[in-house]
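[1] Quick one, structure for this:
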Amino acid sequence: MSGLQPNTGASAPSTPTPQAPVGPPQRVRGEDSPLQIEGRFPRLQQFVKDQNISLTRGPGEGYAEIFPLGEGGSPDPTRRVVQVRPLTREKGFDPNSVASADALHFFGDVDRETGKPLDPEFYGLKQDFIKNMSPREKQFADKKFNEAKAEKRTGTNFESKESFMQNVWGDALIRGAIFPELMSDPQDREDHKNQVHLTDKQRGIVKRMQQSLSRQ
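    Predicted coordinates for the structure are as follows:
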C-alpha cells in the first residue's frame, strides 16, 4: 500500500500528530511466533478471523504496512494483510500491539467492491468521530493533505481530502486515541493518553469504540 501511513506525519506544537512507535521498550514475543490481536479486544479478534485478515511479518521500511484486498505489491492479494516490519521488534515493541493497532484500519473500512462497511458499527463510530473533529484539527488535516499533494503522493488515499480524512488522518487519530503507547514522541504519547486534542464528543465516541472492541 503506497502513500502516507496512518502512523506517520510531523507534529505541530499545538496539535500532536500520530507517529510511528519508537517509545519506551515493551515486552515482545518471539520473533517467529504467530501474530495475534491483543486479548483485550475480543471483537477485533473475531473480526480479523471472520474477514480472514492475514497478520504477518515481512521486510520493508517502517513499522508496519496494510494491504487492502487485491492491492498491488501485497504479499497475498487474495486477503487483507497487516504486515509488521522488523523495525517494530528492533525498537522493543510488541508486534501484536502494532498489528492490533493497524488492524483498526480494516475495522473502520468499507469493502472496495460493494462499498459496504466491513463492520457497520465501528464504521459508524468512525464517521461520527470525523464529523466531530475540531475546526483546528480539520485545518491541520487540510494542511497535511496539501503538503502530501505538493510532494506528489499517489494512491487512493490522496485522490481527495475526503479519502485522506477517511484513510489517513481519521485512522491516525483513532489509532492514537486507542493505542497512545505507540506514539513516538513522549509529549505526543502523554497528550494522546489524555486525549487533549479531541473534542468532548470525540472523547465519548472513543469510549464507545473501546467498548465495541472489548465486547465478547
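
[2] all contacts plus neighbour counts: C-alpha atoms, from now on.
    Fine.

[3] can you list the domain ranges for the chain.
    28-107, 120-216 (automatic domain parsing).

[4] Centre of the chain to the shortest one, how far?
    Per Cα atoms, centre = their mean, to the nearest Å, the displacement of domain 28-107 from the mean C-alpha position of its chain is 11 Å.

[5] do the same with stretch 139-147
    18 Å.

[6] give me the low-pLDDT residue ranges for the protein?
    Scanning the chain for pLDDT under 70 picks out 1-32.

[7] Could you pull out the strands in it for me?
    Applying DSSP state E to the chain gives strands spanning 54-57, 64-67, 81-84.

[8] just to revisit the earlier point, reformat the domains of the chain as CSV; add mean neighbour count.
    CSV is the format used below for the domains of the chain (neighbours: other Cα atoms under 10 Å):
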stretch, mean neighbour count
domain 28-107, 18
domain 120-216, 18
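
[9] a markdown table for these, including distance to Thr114?
    Listed next are the domains of the chain as a markdown table, based on distance: least, Cα to Cα, whole Å:
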| stretch | distance to Thr114 |
| --- | --- |
| domain 28-107 | 12 |
| domain 120-216 | 13 |
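
[10] which stretches of the protein form helices?
    Per DSSP state H, the chain carries helices over the ranges 42-50, 86-90, 95-107, 120-131, 135-150, 161-164, 170-178, 186-194, 200-214.

[11] of all those helices, which lies closest to Thr56?
    Of all the helices of the chain, it is helix 95-107 that lies closest to Thr56, at 8.5 Å by Cα to Cα.

[12] I'd like the helices of the chain as JSON lines, with distance to Leu35 appended.
    Below are those laid out as JSON lines (distance: least, Cα to Cα, whole Å):
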{"stretch": "helix 42-50", "distance to Leu35": "11"}
{"stretch": "helix 86-90", "distance to Leu35": "12"}
{"stretch": "helix 95-107", "distance to Leu35": "6"}
{"stretch": "helix 120-131", "distance to Leu35": "23"}
{"stretch": "helix 135-150", "distance to Leu35": "32"}
{"stretch": "helix 161-164", "distance to Leu35": "28"}
{"stretch": "helix 170-178", "distance to Leu35": "19"}
{"stretch": "helix 186-194", "distance to Leu35": "24"}
{"stretch": "helix 200-214", "distance to Leu35": "18"}
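
[13] what about the closest residue to Arg203 other than its chain neighbours, distance to Lys131?
    Nearest residue to Arg203, sequence neighbours excluded (Cα to Cα, 6 or more residues apart in numbering): Gln195, at 7.1 Å. In this structure, Gln195 and Lys131 are 17 Å apart, going by Cα to Cα, to the nearest Å.

[14] same deal with Val48?
    In terms of Cα to Cα, Val48 sits 26 Å off from Lys131.

[15] likewise Phe93?
    32 Å.

[16] same deal with Phe106?
    Phe106 is 19 Å from Lys131, by Cα to Cα.

[17] again, but for Ser214
    24 Å.

[18] Ok, Lys207 next?
    16 Å.

[19] Check Asp185 too.
    The value you get for Asp185 to Lys131, if Cα to Cα is used, is 27 Å.

[20] same check, this time on Asp142
    According to Cα to Cα, Asp142 stands 14 Å off from Lys131.

[21] try Glu38
    Distance from Glu38 to Lys131, by Cα to Cα: 28 Å.
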